[in-house]
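**Student:** below are the sequence and a predicted model for it; my questions follow.
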Amino acid sequence: MIIDNEQLKQLGNYVVTQMQRVGCDNTLFFTEKWLAEHHVKNAPAVVELLEENGGFCDCEVLFNAMDCLLEDEDENPSTKMYQLTLDRIHEEKNRLN
Ligand SMILES: [Zn+2]
């Protein structure tokens with residue numbers, strides 16, 4: 001694995017915070033920022049992995065990629081949290097549209 005579960009969760013926690021704060025701009029801006037700031041080796045490979053799992057922007061990383069990549073976790077509380085947070089973000093988006 002090019003990135004371990006612990007790092008993935010930290011990335012998820014960071015991205016979910018940013019999604020709550022500013023929302024998704026349809027890029028991997030915050031994902032890539034986190035990878036750069038944490039000096040993750042093979043950041044491009046991590047991005048590729050996220051994209052292979054449906055994460056083409058920050059919110060999709062939480063929605064799709066985290067779900068796939070963390071699914072072997074026993075309880076998986078973080079993805080449930082992402083789900084709840086993102087449901088809220090999407091409701092908000094729909095309300096504004
Ligand atoms: Zn998005």
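**Tutor:** Arrived safely.
**Student:** and stretch 61-70, which residues are buried?
**Tutor:** Residues 61, 62, 63, 64, 65, 66, 67, 69, 70 are the ones in stretch 61-70 that count as buried (16 or more other CB atoms under 10 Å). Heads up, the C-betas are built off the backbone N, CA and C, glycines and all.
**Student:** could you pull up the residues touching the fifth one?
**Tutor:** The one in question is residue 65. By CB atoms under 8 Å, 6 or more residues apart in numbering, the residues touching residue 65 are 49, 50, 51, 53, 54, 55.
**Student:** okay, now the fifth one: neighbour count?
**Tutor:** Read that as residue 54. For residue 54, the neighbour count with other CB atoms under 10 Å is 14.
**Student:** if I read this right, it contacts residue 64, doesn't it?
**Tutor:** Yes: the pair residue 54 and residue 64 qualifies as a contact (CB atoms under 8 Å) at a distance of 3.1 Å.
**Student:** turn the buried residues of stretch 61-70 into CSV, columns for secondary structure, pLDDT and distance to residue 2.
**Tutor:** Formatted as CSV, the entries for the buried residues of stretch 61-70 read as follows, by DSSP: H, G, I helix; E, B strand; the rest coil; pLDDT from 0 to 100; distance: CB to CB, whole Å:
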residue, secondary structure, pLDDT, distance to residue 2
61, helix, 93, 15
62, helix, 88, 19
63, helix, 84, 21
64, helix, 87, 17
65, helix, 90, 13
66, helix, 84, 15
67, helix, 77, 18
69, helix, 83, 11
70, coil, 78, 15
